[in-house]
Structures are given as C-alpha cells and as structure tokens.
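A.B. asks: got a predicted model here, sequence first, then my questions.
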Amino acid sequence: MTEKLRMAQYGTKHGHAEGVLQVMLDHPEVEVVSVFEPDEARRAQVENSDSAFGKVQFVDDPYEFLDDPTVDCVTSEGTNKESLGFTEEIVAAGKHVFYDKPAGNDYNRFENIVEIARAQDTMIQMGYMFRKHDGFERITNWSRSGFLGHIFQVRAHMSTSLPEKNPEGIQTGKEGVSHFKAGVMYDLGGHMLDQVVWILGRPNKVSRFFQNSASETREMMDNTLGVFEYSNAIATVDIAAIEVKPMARRFEVYGTKGTAIMEPFEPADTIKLTLEEDQGEYKKGVNIIKIEDRARYIDTFAELVRNIKGESEQLRTLDHELLVQETLMRATGGLAG
C-alpha cells in the first residue's frame, strides 16, 4: 500500500475551507493530521459540528504541525485578510502549500514568499479551481495551440450573489468582502485571470471600473470590470456580487479561425465552438460540444498530491502564480496599471 502524505489545514474561515478539507479527507493517499483555527469563537463553532471540521483533530498551536517533519503539506484556508500571513508561516516551515485564493493584498510580500519556496524547492499551488475544469482545459488548449487562430479577445464573466451580512464565523458577505477596496473583483477576479493570462500572458495595460450599484454596505464594490490590453488583443473580466441565481457564468474566446463560448461554466454543460473551416473532428460552422461537469477542487488537489510524490509536473509554475497575482493587483489598484 502506498504511504499516505500527511497534511494539515491552517485556518477555517475561507469560503472554500470546508470543501478543501473534505477533499483531503476523501483522498485515499492523504492523512489529515490536524487543523488550527486561531479564532477561539470560530473553533468552538466548527470543531464538533456535523461538517468536515467535526471529523478532524484541532490543535492549539499551528507549530504542532509546522514543526512536524512528517507533515508534507499544509492548506492555507484563512480569510482573505489572514491567508498571506498563514502561507508565509507554512512556507517558512519548509512545507508544500495549497493556498486558497487570492494571494493577499501585498504583492511584494507574496513575491518574497514565492522566492523562498522556489529556493527550497517546495510547491505553492494556488486554489484556482478551474485548472482541471473540462471546458476551461479544452478552451485554453485550443487557444494556446493555435487551433482558434490568433486570439484577439477574451471575455470572462463570473458573478455571484453575496449576502449583505457575513455568515456566522466567516467574512464572506458584503461586509467582509468590502474590507478590500476592489470588493468582489479582489475576491473572485483571480479565478478568471488565471485563465486569461494562461492564454494571453502579461497585459501591457490594465484599467478598472468599480461601482457600488445596489449594496447597503456602501463601501462594497459590488459591480466591477477589469480591462486588460495587449499589443494585439483585449480581455475583459466583469464580476458582480448582486446577480440573480443561478448566475450566468460565462467564458468566451475569440480567434481569427474560431470562437469558443462556454455558458454557464458552473454547472458545466456545453461549449459552442464556431470554426472558419473543418478542423480535425470538428466541422466548419457551429459545433455544440458536451463537456463533463467536474466537482470543484478534487482534480486539482489530486494533481498536487501527484506533484509532491514526483509523479507529475505542476499544472502551473511559480512564475504563473506570480503573474496571476500581479495582474490581480494591477486590476484592483494594489499595483500600478
């Protein structure tokens, strides 16, 4: 039997924290050692609950796992305000890290953390959950291979519907998200930028447009747009926090030989592929392609396990993780555009 990787979780307040923990618990090659939550009230809320958190041991000090040489990897699952500091501690302890998005609001600090990881040959995998999404994989492969010709436009729409108040114990309502001046763009924009820069690279210029259109929390930017200019292409990412459910999450790529439109991408269903000429198995004109609706986190986390065991190459390099975060910071005002 394959020896299991020993993993731990630092923090429980990220919106994806419970889902990621459940994926760890379900993975046959992973042993979840423990979880640390610094907020005593939050720990009391979840420690003996019916959630995934009720299935694990909580510890009083993160160094119980950070100083344990048998622990291979730690997931960083604090709030957007906490997570950069948590990740810094994990990397300083010499561990691999699954770091749930975004990578903080201090690009220089994140860059330094990445360089420490690079020097000690440990991995940082950001929690951008669409890297093994069937539709995004197909579209980015078509885009990067030249199948769609020269890509001149990308449009990404990933809106959500956030409650006005924070749910108990976490900061994922408009009140919590408003802590960052870019609001919902800061919270979700990295998911789409992860795909945009994978296709187009680093933009030459970034412009941003933020509004509070309908939220009672007046400092909350609930209707946002980023425009990313390239020498021969334009990409737009628009994200709102006030869209009616079910959200019309959409990803569109336009090339000189073909167009790929996926709507919605959650739940995944089909891609509309339009081609100038027959290409391989696809015909000139409109092709409706059925795609698999894969659960979040499972495949990307499984890939991280294979990476740590030396069985596969990383889905994205550390340079890509830096580029996504730099682009997000340019879009949200944390760096000059």
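C.D. replies: Sure thing, it's come through.

A.B. asks: host element of the residue nearest to Arg202 when sequence neighbours are not counted?
C.D. replies: Counting by C-beta to C-beta, 6 or more residues apart in numbering, Arg202 lies nearest to Leu323, which is 5.9 Å off, once chain neighbours are set aside. In short, each C-beta sits where N, CA and C put it, glycine included. Element membership for Leu323, per DSSP states H and E: helix 318-332.

A.B. asks: how far off centre is that helix?
C.D. replies: 12 Å (C-alpha atoms, centre = their mean, to the nearest Å).

A.B. asks: same question, stretch 130-144
C.D. replies: For stretch 130-144, the distance to the chain centre is 15 Å (C-alpha atoms, centre = their mean).

A.B. asks: list the buried residues for that stretch?
C.D. replies: By neighbour count on 16 or more other C-beta atoms under 10 Å, the buried set for stretch 130-144 is 130-140, 142-143.

A.B. asks: against Thr256, how distant is the residue nearest to Arg202?
C.D. replies: Going from Leu323 to Thr256 by C-beta to C-beta, to the nearest Å gives 25 Å.

A.B. asks: these two - which one has more neighbours?
C.D. replies: A count of neighbours by other C-beta atoms under 10 Å puts Leu323 above the other of Leu323 and Thr256, at 19 against 11.

A.B. asks: and the more buried one, how far is that from Tyr107?
C.D. replies: Relative to Tyr107, and taking C-beta to C-beta, Leu323 is found at 11 Å.

A.B. asks: give the next helix or strand downstream of the longest helix seen in the chain.
C.D. replies: Criterion DSSP state H: the longest helix present in the chain is helix 184-200. Counting by DSSP H and E, the element after helix 184-200 in chain order, helix or strand, is strand 205-211.

A.B. asks: direction included, what does that next one pair against?
C.D. replies: strand 223-229 (antiparallel) (DSSP bridges).

A.B. asks: now the partner strand: buried residues?
C.D. replies: Using 16+ other C-beta under 10 Å as the test for burial, strand 223-229 gives 223-228.

A.B. asks: tell me the helix or strand right after that strand.
C.D. replies: Past strand 223-229, the next helix or strand by DSSP H and E is strand 234-240.

A.B. asks: list the helices and strands the helix or strand just after that following strand packs on?
C.D. replies: Per DSSP H and E, the first helix or strand lying C-terminal to strand 234-240 is strand 250-255. Here strand 250-255 touches helix 134-145, strand 151-157, helix 184-200, strand 258-262, going by 3 or more C-beta pairs under 8 Å, 6 or more residues apart in numbering; DSSP states H and E.

A.B. asks: ranking these by burial, who's on top?
C.D. replies: Comparing these by mean neighbour count (mean count of other C-beta atoms under 10 Å), helix 184-200 comes out on top with a mean of 25.

A.B. asks: which elements pack onto that one?
C.D. replies: Packing partners of helix 184-200 (3+ C-beta pairs under 8 Å, 6+ apart): helix 134-145, strand 151-157, helix 174-177, strand 223-229, strand 234-240, strand 250-255, helix 318-332.

A.B. asks: redo those as JSON lines? Include distance to Tyr99.
C.D. replies: Converted to JSON lines, those look like this (distance: least, C-beta to C-beta, whole Å):
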{"stretch": "helix 134-145", "distance to Tyr99": "20"}
{"stretch": "strand 151-157", "distance to Tyr99": "22"}
{"stretch": "helix 174-177", "distance to Tyr99": "19"}
{"stretch": "strand 223-229", "distance to Tyr99": "22"}
{"stretch": "strand 234-240", "distance to Tyr99": "21"}
{"stretch": "strand 250-255", "distance to Tyr99": "23"}
{"stretch": "helix 318-332", "distance to Tyr99": "8"}
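
A.B. asks: so which of the ones you listed is nearest Tyr186?
C.D. replies: helix 318-332 (4.8 Å; C-beta to C-beta).

A.B. asks: okay, the closest one in PDB with CA atoms only?
C.D. replies: In PDB, the C-alpha atoms belonging to helix 318-332 read as follows (Å, rounded to 0.1, in the frame of the first residue of the first chain):
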ATOM      1  CA  LEU A 318       5.500  29.600  -9.700                       C
ATOM      2  CA  ASP A 319       6.100  32.300 -12.300                       C
ATOM      3  CA  HIS A 320       2.500  31.800 -13.400                       C
ATOM      4  CA  GLU A 321       1.200  32.100  -9.900                       C
ATOM      5  CA  LEU A 322       3.100  35.400  -9.600                       C
ATOM      6  CA  LEU A 323       1.800  36.700 -12.900                       C
ATOM      7  CA  VAL A 324      -1.800  36.000 -11.900                       C
ATOM      8  CA  GLN A 325      -1.400  37.800  -8.600                       C
ATOM      9  CA  GLU A 326       0.500  40.700 -10.200                       C
ATOM     10  CA  THR A 327      -2.300  41.100 -12.700                       C
ATOM     11  CA  LEU A 328      -5.000  40.900 -10.000                       C
ATOM     12  CA  MET A 329      -3.200  43.600  -8.000                       C
ATOM     13  CA  ARG A 330      -2.900  45.800 -11.100                       C
ATOM     14  CA  ALA A 331      -6.700  45.300 -11.600                       C
ATOM     15  CA  THR A 332      -7.600  46.100  -8.000                       C
END
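
A.B. asks: next, the angle strand 234-240 makes with it.
C.D. replies: Angle between the axes of helix 318-332 and strand 234-240 is 70 degrees (criterion: axes from the mean of the first three to the mean of the last three C-alpha atoms, to 10 degrees).
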